[in-house]
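>>> fold the following, please.
(one chain, ligands or ions: 1)
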Amino acid sequence: MSGRTYADDLFPLKTDHPDEHMSVSTTSTPSSPNSVDAANSRIHVGWMTTPMDVVEDLDRNVAPYCTKLGEFKYNFVVFPVGGVVRAYWKPVEGNEKHPPVIDLPDVQLGNNLWESYVTGKISPWIDCDSPDTDFAALSEEHLIKELNYICYLGLQSMTIELKRISSPKTAAIMNKWLWTKNSRFIVWVQLPSSVEICADYDYFSSSNVDLWTIWADFRKQCNNFSGVYLQVVLTISADLPDEFMEEKLVNRWKAEPLAAFVVETSAFGTARSGEAALPNSHISLLKYLWTSDSLRLVLRATTDTHKYNIQIKSEYSLALRQAVRDVHYKRQQELDEGSNDSSHSLNVGEYKDVLQAPLQPLSENLDSGVYNTFEQDKMKYDVYEAAVVGALKDLGADGRKTCVVYLLGGGRGPIGTKILRAEKEYNTTFRQGKDPLKVKLYIVEKNTNAIVTLKFMNSRSWKRRVTIVESDMRSLPGIARDRGFEQPDIIVSELLGSFGDNELSPECLDGVTDFLKPTTISIPQKYTSYVKPIMSSHIHQTIKAQSIPYLSRALPCHGRGEPELEEDGSWVQKFPQGNVVSNMDQIYVVYLSKYIPLAESTKPVFSFEHPNFLKKSNERSEIIEFVMDRNADLMGFGGYFDLQLYKTVMLSIEPSTQTAGMLSWFPAVIPLRDQLRVAEGDTIRLKIDRKIDEGGVWYEWRVELKKPNGEITSTPLQNSNGESYYMRM
Ligand SMILES: C[S@@+](CC[C@H](N)C(=O)[O-])C[C@H]1O[C@@H](n2cnc3c(N)ncnc32)[C@H](O)[C@@H]1O
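The predicted structure follows:
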């Protein structure tokens, strides 16, 4: 059995092209995982059929046509869905307009081949946004016909090329189709190669437009439909527009559902070897945006050289593969080399762009698996140990013999172990083994299940040195009085979420203030949250699209409401604000991948210092301002924090000071209900409040957008009264 299929015959990958290995980097051997052969099958290069290909009866000879393309190393084809005769019909001015009927017979290819090897192209003459209303109506009618024929053929993907800056009618048809049709295929929206070639381009009125805004408007007109089905394709011609040259503009495509690049043959020059080659600027662009090997490359002939120089077809496909074939491989190698122990034990890749609800360890007891995940982060605990050593050093300078330390919220005890190690480290380093300082350790934990582990640890690892207190720390002052506990010299805690205070560390630690000495040191001493504006239609859609299965309608959620018993006996959590609003008005934890920051640096939001002897309120209200430097869609804000454990000993997930190798906290995301279009020079102001009542804490936020002309608009207030995201005390 050869294992060959009909598809192998259709798109054979092996050729006898003698120059093949010359035109591809000579550094890899065929047996390496990144060899030419591996790249041929891993990187998909397609051929877009154009009028230059048209031969007699092509619409009925798709199979031999594809076989020929396969020999030139193309592994799919972008073919007019109604056939080439219809696709290249030209309406004649003033005449009755009757386009040729769809005539691309399905039985010439197996259904699986239509599915996997053919991307249907909408006939280029179709222009639903034409100012000629009759022609626009005709175009609408025929666009629907072609969409239906794509379904009939069972194609998995199709492409429609935008000819205009503004295509609201085309978008409306696609929007209705995407939202209402059962048969789903991926829609590739192919952008023009520059704004200037658009049919409705006007030098004066189009000055603020770029290719990204053409796409973003189209996506918005399709109500930001899921990027799994609505994707964008960039066209690369000989001249690259500025927005493909400037990094901050190019990187916006990393936040969009980019499907493919259509590279025109006019972009190719000739290498010294005499073969077709792309200019360096084009290669850099492709490399920069090649975020995954699942992206596709499509060759579009804009010249007819290939008719006379058949071999150039393989040169094009090889040059395209060569441009990107190392990118993903090298990136992976770099990641593997740069990763540390913690990242190996926690496979962070699995978490990319996955929404996680922030933990609420105060109101919900954590389980053993979650504690186990925390404990993989060696770095965090090492830094805690260093902070405790620092505090013992300062306190121990007076020669004292004991130091009373309380670990508040001990979990399964990893910081307890570090505190005892810090004692040893301090005695070895600063007391040279003489007059050792003894740490008297108390561990307070309210999770009754974790107490089982703490007691076990005490007998097995800590030689019963630790006093385990099963209690909410806010009751500690009373308990300590009743049981005669000593006041602490040091309190140590780790009650922090991705946005710093969002696991209610301030409220918990304030609860022990009455029990402290004026000299008690708190580790941490201070923490600050930070924000940075971000763009990501993927995360926006993911948050919006969350749904609650019927049987999960009463599971604990994060709003203020409690589940209610229905008349039919089922329980349900009601969201008077609606499910979508409730989704958007929450804070998430996300290992951000498909996003870009819209500012170079973060700005601080809320700070808390401990001990809070002055009993300062933990309510906060801040306005944080950023000036936008490009056209973009603001999706919301990335949230981060840093933690001053003791003096200069810090932990941080704030990007500029991030603790290397620490994985305990992924960034927080504070979303807006809708993506907000901003332009270069606009100012955005995040107005965010931290509010408190007797039952809990919540954030409320909105964004004010100020245009350079002074005009101000505001997004709706989110999470008013903690309806959607309420952190219970
Ligand atoms: C984020 S976990 C950290 C656990 C542990 N220190 C570690 O680093 O692995 C916070 C712990 O504090 C406990 N906790 C939270 N609020 C508390 C409170 N008010 N009183 C006592 N324990 C609390 C939780 O049950 C949880 O075990």
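
>>> use CA for all of it now, contacts and neighbours both
Will do.

>>> list the buried residues in the top helix by length along the chain.
In the chain, assigned by DSSP state H, the helix with the most residues is helix 133-153. Buried residues in helix 133-153, counted by 16 or more other C-alpha atoms under 10 Å: 135-140, 142-143, 146-147, 149-150, 153.

>>> contacts for it, please.
With contact meaning C-alpha atoms under 8 Å, 6 or more residues apart in numbering, helix 133-153 is reached by 81-82, 102, 106, 111, 114-115, 120, 122, 126-130, 158, 170, 173, 183, 185.

>>> what kind of secondary structure is residue 384 in?
The local conformation at residue 384, judged by DSSP: H, G, I helix; E, B strand; the rest coil, is helix.

>>> related to what we said a few turns ago, as a markdown table, the buried residues of helix 133-153 with distance to residue 482 and pLDDT would be great.
Putting these into a markdown table (distance: C-alpha to C-alpha, whole Å; pLDDT from 0 to 100) gives the following:
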| residue | distance to residue 482 | pLDDT |
| --- | --- | --- |
| 135 | 88 | 93 |
| 136 | 84 | 95 |
| 137 | 84 | 95 |
| 138 | 86 | 95 |
| 139 | 84 | 96 |
| 140 | 81 | 97 |
| 142 | 84 | 97 |
| 143 | 80 | 97 |
| 146 | 81 | 97 |
| 147 | 77 | 97 |
| 149 | 80 | 96 |
| 150 | 77 | 96 |
| 153 | 79 | 94 |
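
>>> that older thread, filter the contacts of helix 133-153 to the buried ones?
Neighbour counting by 16+ other C-alpha under 10 Å classes 81-82, 102, 114-115, 120, 122, 126-130, 158, 170, 173, 185 among those as buried.

>>> returning to that earlier point: from the contacts of helix 133-153, which land in strands?
Among these, the members falling in strands (DSSP state E) are 120, 158.

>>> helices of the stretch 51-200 of the chain, residue ranges please.
Secondary structure of the stretch 51-200 of the chain (DSSP state H, counting those that start in this stretch): helices at 62-71, 84-87, 111-117, 133-153, 168-180.

>>> output those in CSV; the columns should cover distance to the ligand.
Compiled in CSV, those are given as follows (distance: least, C-alpha to the nearest ligand atom, whole Å):
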stretch, distance to the ligand
helix 62-71, 56
helix 84-87, 61
helix 111-117, 48
helix 133-153, 51
helix 168-180, 42
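
>>> so for residue 311, which of those helices sits nearest?
Evaluated over the helices of the stretch 51-200 of the chain, closeness to residue 311 peaks at helix 62-71, with 10.3 Å, by C-alpha to C-alpha.

>>> elements contacting the closest one?
Packing contacts for helix 62-71, counted by 3 or more C-alpha pairs under 8 Å, 6 or more residues apart in numbering; DSSP states H and E, involve helix 6-10, strand 76-80.

>>> strands paired with the last one, and their directions?
Paired with strand 76-80 in the same sheet, following DSSP bridges, are strand 44-48 (parallel), strand 118-121 (parallel).

>>> pull the residues that contact the last one.
Taking C-alpha under 8 Å, 6+ apart as the criterion, the residues outside strand 118-121 that touch it are 76-81, 150, 155-160.

>>> swap in the first one?
Taking contacts as C-alpha under 8 Å, 6+ apart, the residues outside strand 44-48 that touch it are 69, 73-79, 294-301, 317, 320-321.

>>> now mean pLDDT and distance to residue 359 too, for the strands paired with strand 76-80, in CSV please.
Supplementary listing: the strands paired with strand 76-80 in CSV, determined by pLDDT from 0 to 100; distance: least, C-alpha to C-alpha, whole Å:
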stretch, mean pLDDT, distance to residue 359
strand 44-48, 96, 41
strand 118-121, 97, 44
